[in-house]
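**Q** Fold the following, please.
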Amino acid sequence: MSGIVGDNTARASGVIASAGGGAWEYVATVAASGGATVVYEAMVSGYDYRFEVNDVVPSSDGVDLMFRVGVAGPTYRDDDYISYGSDWYSQNATRVDTTETTFITANNSSVTGNLATEGNKKGWIEFNNPADASSYTAWEGGISVMDQSTVGAWNQLYGYHETIEAHTCLQLYYASGNVATGNLLVYRRTRS
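**A** Residues are numbered from 1 along each chain as shown. The predicted structure follows:
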């Protein structure tokens, strides 16, 4: 690894050292293989997790990007998500507040196109110690979107899962169709 990532410096060791002294450790790259989902099923307690979306494109046009957390098994949760977000789309800002949903909202009011020049080009979602069985799983992030007209948008997302349990799995998927291409890069940071 080389280059600059936000206020963080990427080092050849695979560790991203933050300006505050904490460090993100590279864990894995999960590649989309044309299936319905991209999953990571190895989160452990004592770590925060960061998932970076890298050039992820759906097979269907005009669909929303979504995430779900799951418990060991895996069993993915399809309720109890409280998601919030802001969306800058065509130079207009939209705030989206939701009640309980069945997924983590990533696209807010814009939808993702399926051409090579479209998709979710870059983004991230971070979870605060999701595998801790004694606290809520909270997240925040930002995802870029190129819609079916190649109009760009930036979405902020944040929220929490209302059930306190150990979430050891993450699932990325689209509202319909498959995840055609792209990667999900996984990082973790120790809590102590």
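**Q** Is the one residue sitting closest to the centre of the chain in a helix, a strand, or coil?
**A** When C-alpha atoms, centre = their mean is applied to the chain, the residue found nearest the centroid is Ile125 (3.9 Å). Secondary structure for Ile125, judged by DSSP: H, G, I helix; E, B strand; the rest coil, is strand.
**Q** residues touching the residue nearest to it when sequence neighbours are not counted, list them.
**A** Distances taken as C-beta to C-beta, 6 or more residues apart in numbering put Gly141 closest to Ile125, at 3.4 Å, once the chain neighbours are dropped. For glycine as for every other residue, the C-beta is placed from the backbone atoms N, C-alpha and C. By C-beta atoms under 8 Å, 6 or more residues apart in numbering, the contact set of Gly141 is Ala106, Gly123, Trp124, Ile125, Glu126, Gln156, Leu157, Tyr158.
**Q** Show me what the nearest residue to the second one once chain neighbours are set aside is bridged to.
**A** Going back to what we said before, that points to Gly123. Closest residue in space to Gly123, ignoring its immediate chain neighbours: Ile143 at 3.3 Å, by C-beta to C-beta, 6+ apart. Beta bridges link Ile143 to Gly123, Asn155 when assigned by DSSP bridges.
**Q** gap between the nearest residue to Tyr76 once chain neighbours are set aside and Asn178?
**A** Spatial nearest neighbour of Tyr76, excluding adjacent residues (C-beta to C-beta, 6+ apart): Gly70 at 3.9 Å. When distance is defined by C-beta to C-beta, to the nearest Å, Gly70 is 19 Å away from Asn178.
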